[in-house]
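K.L.:
model this:
(2 chains)
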Amino acid sequence: MKHTISILCDDIPGVMTRVSGLFSRRGFNIESLSVGHTEVSGKSRFTIVVKGDDRVLEQVRKQLQKLIHVIKAWDIKQDDAVEREHALIKIKLEDVKKHELLQIITAAQARIVDSSGPIWILEVTGDTRSVDNAFNLLNDYNILESIRTGKIAIERETSRFISG
Amino acid sequence: MKKGKFTGARIIVKSLEAQGVEVIFGYPGGATLPIYDELAKSSIRHVLARHEQGAAHMADGYARATGRLGFCMSTSGPGATNLVTGIATAFMDSSPVVAITGQVPRPLIGNDAFQEVDTTGITIPITKHNYLVQQAKDLPHCLSEAFYLAGSGRKGPVLLDIPKDVQLEEFSLNQVKRPLLEGYNPTIKGHPGQIKRALGLLKNAQKPVIIAGGGVCHAEAQEELKQLAERGDIPVVYTLMGKAAFHNSNPLCLGMLGYHGRVEANTAISEADIILAAGTRFGDRSTGPLGSFAAQAKIIHIDIDPAEISKNVSAYLPIVGDVKNIIGRLADLIPTIKHPDWTTHLKEVAKNHPLREIKKGVMTPHILTVLKEIAGDPILVTDVGRHQIFAAHYFPVESGRSFITSGGLGTMGFGVPAAIGAKLGHPEKNIVDIAGDGSFMMTCQEIATAVEEDIPILVLIMNDYCLGMISQLQDAFYGKRYEACRFGKNVDCAKLAESMGAVGIRVSREKEIAPAIEKGLSEDKPCVIDFILEDTPNVYPMVTGTSLMEYVE
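P.N.:
All right, here's what the predicted structure looks like:
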């Protein structure tokens, strides 16, 4: 089953290796991993999406929690959380009916962030399903390259940990 | 150097002194010379090993024998990689070792410099934590954190990788940051509600059993365990790591459980209704096949590491915390109970399934018996292999920290250097290493260290010119096709020991066993006795099926 694991940790070198090593040694492929600073200086937060056996992943979570610089590691329940990811998509405009493309962009809830030349860059933000959906809609066009941030997720409830 | 300024190297040695370090085991190299220069001015004893792996096992042996931190040190590159086996050994058995490695100067890191490896990268999975110290002013808090981490909570090795130019860098102590370990707060006291529930389960149990693991030894909870077992009339089985957790001759002691466990121990586990597992991680050697393990039982699992709860075996009632604290509470609260049917039944099983008879002769079980008679209660160190399991079965131990073995990693070559470390921790005790000829040859050069450093250990080699456990497995599971397990008979281990300045004795007749051991124990030099085994039986019981109850005995 797919899990979204959130980790609050110290922002110091080596944390990424320690975290990812616990997955790779068990043969898990991390589907996405995003990390960035938080509202507390010196603290980072990871969101990791990974597929695997529930029991084994619970073991991984406990091992993550054991890492000295991890303050908290927990499994996010999808229903209780807001999830977002971001994608950038580069499209070549050759042989393209622009008005059709513009309609699709609207339908996909994408935005044009660069249209200065014959290659446009679009951005999409949403939960994983809506970003997938945007890709589906744009599939008929010539996508030169694309990139996704991977999911970030935050729970609706008040903070699960005392920060600051 | 300006007044009030320190170099990194000096603060390292000062921190070690402040920590009360008596001895550090190491092997120098270009990247640690500044530390050695400071160490020369210090009262800390440095034991110069003959291989970094030896230094790591010595620190480990010292830590296991004393409960204090063991320190080892090596240079960068090959020095650090040679420590790896020793660090992993300590990690698997939760032994508090602090390893200091030199690293190439900061400007060279990442450039494939001479003797450069990514030491912290290599050791992440085998340390509790590690540091690449980036600036000299980080050293004080990194060192104090490292000492604290290694010796608190679930103990384990911590490594500090220190670039040579950081060792030489000057800084003033007022630049020092305070340590902050927000994410580390081990639970010591057991949850009172959980303890109460455990008590309820134990009171109502008809067939209770205690599994004593290595955690009982680390926590030094032997006295509490004895009280609990005796008041509650609860039989005790031990894991290999937990052998010294419970007086082996106590009538409630059923011996070792698991893959090579005693039949009565494995029967108790298989028939029990309540199991109290203390300080064990339910390693595969002690559970056998998980599917059938303790099928009738509700398991109360006490461990200081929450990640051990339900890792291998589901816990019905977990209690996270220090084993000494929790067992102590349980021992205080438990009323005097008797389980005559259960204990009588297990005694009956024990009577019907004794260990194989000890035949007189130059054979491991007999040698162990003679050693027990002569040496009393020494610290027994073992290497890894068939002799290790023989030692677990045929050498009863009485007190804590008196059985030192590489249980988790199963590191051949552990014995000699670990015995050296143990001897430095307990100079007043006899330290006897039971080795196989295979294990001995892996680290035998450390005999030279023992001689030079005047550390009188006794090494008994169970020499069958063979890798005993390998041949046993080939015998049981590979149709007796003995491949790559026989050694030639060219090596004379006694002469080898003599060549390094130790006393070497070769024994090939039964009547020579006792005099040789007596001589070995009375020597004030290291002594190696090479027992040329006349027969090399396999070690039984051995589980061969899909449950602990399918075995050859």
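K.L.:
how many residues are close by the residue in chain B that chain A sits nearest to?
P.N.:
As assessed by C-beta to the nearest C-beta, chain A sits closest to B:Ala307 within chain B, at 3.8 Å. The C-beta positions use only the backbone N, C-alpha and C, and glycine is treated the same way. By the criterion of other C-beta atoms under 10 Å in any protein chain shown, B:Ala307 has 19 neighbours.
K.L.:
do B:Gly77 as well
P.N.:
21.
K.L.:
still on that earlier bit, how many residues are close by the nearest residue to the residue of chain B closest to chain A once chain neighbours are set aside?
P.N.:
Of all residues not flanking B:Ala307 in the chain, A:Lys62 sits nearest, at 3.8 Å (C-beta to C-beta, 6 or more residues apart in numbering or on different chains). If you count neighbours by other C-beta under 10 Å, A:Lys62 ends up with 18.
K.L.:
give me every residue that touches A:Lys62.
P.N.:
For A:Lys62, the contacting residues are B:Pro306, B:Ala307, B:Lys311, by C-beta atoms under 8 Å, 6 or more residues apart in numbering or on different chains.
K.L.:
repeat that for 10 Å
P.N.:
A:Leu22, A:Ala73, B:Asp305, B:Pro306, B:Ala307, B:Glu308, B:Ile309, B:Ser310, B:Lys311 (C-beta atoms under 10 Å, 6 or more residues apart in numbering or on different chains).
K.L.:
from chain B, how far out is A:Gly21?
P.N.:
Noted for A:Gly21: a distance of 6 Å to chain B, by C-beta to the nearest C-beta, to the nearest Å.
K.L.:
please apply the same query to A:Glu145.
P.N.:
30 Å.
K.L.:
on the three-state scheme, that residue is what?
P.N.:
strand (DSSP: H, G, I helix; E, B strand; the rest coil).
K.L.:
also B:Arg50?
P.N.:
coil.
K.L.:
who touches it in this structure?
P.N.:
Contacts of B:Arg50 (C-beta under 10 Å, 6+ apart): B:Tyr27, B:Pro417, B:Thr443, B:Cys444, B:Gln445, B:Glu446, B:Ile447, B:Ala448, B:Thr449, B:Ala450, B:Glu452, B:Met500.
K.L.:
just the closest of those residues to B:Tyr551, please.
P.N.:
Of all the contacts of B:Arg50, B:Thr443 has the smallest distance to B:Tyr551: 32.6 Å, by C-beta to C-beta.
K.L.:
quick check: closest non-adjacent residue to the closest one.
P.N.:
Nearest to B:Thr443 is B:Gly413, by C-beta to C-beta, 6+ apart, at 3.9 Å.
K.L.:
which parts of the stretch 351-500 of chain B are helices?
P.N.:
Assigned by DSSP state H, counting those that start in this stretch, the helices in the stretch 351-500 of chain B fall at B:364-375, B:386-394, B:415-425, B:437-443, B:446-452, B:468-477, B:493-499.
K.L.:
quick one: the helices in the stretch 51-200 of chain B?
P.N.:
Along the stretch 51-200 of chain B, counting by DSSP H, counting those that start in this stretch, helices occupy B:52-66, B:78-92, B:119-123, B:139-151, B:164-168, B:192-204.
K.L.:
reformat the ones you listed as CSV; add mean neighbour count, distance to A:Leu101 and mean pLDDT.
P.N.:
Output for the helices of the stretch 51-200 of chain B, formatted as CSV (neighbours: other C-beta atoms under 10 Å in any protein chain shown; distance: least, C-beta to C-beta, whole Å; pLDDT from 0 to 100):
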stretch, mean neighbour count, distance to A:Leu101, mean pLDDT
helix B:52-66, 31, 64, 98
helix B:78-92, 25, 57, 98
helix B:119-123, 21, 47, 97
helix B:139-151, 22, 57, 95
helix B:164-168, 22, 57, 98
helix B:192-204, 16, 63, 98
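K.L.:
the residue lying closest to B:Val133 once chain neighbours are set aside pairs with what?
P.N.:
Counting by C-beta to C-beta, 6+ apart, B:Ile162 is the residue found nearest to B:Val133 once chain neighbours are left out, at 4.8 Å. Beta-bridge partners recorded for B:Ile162 (DSSP bridges): B:Gly102.
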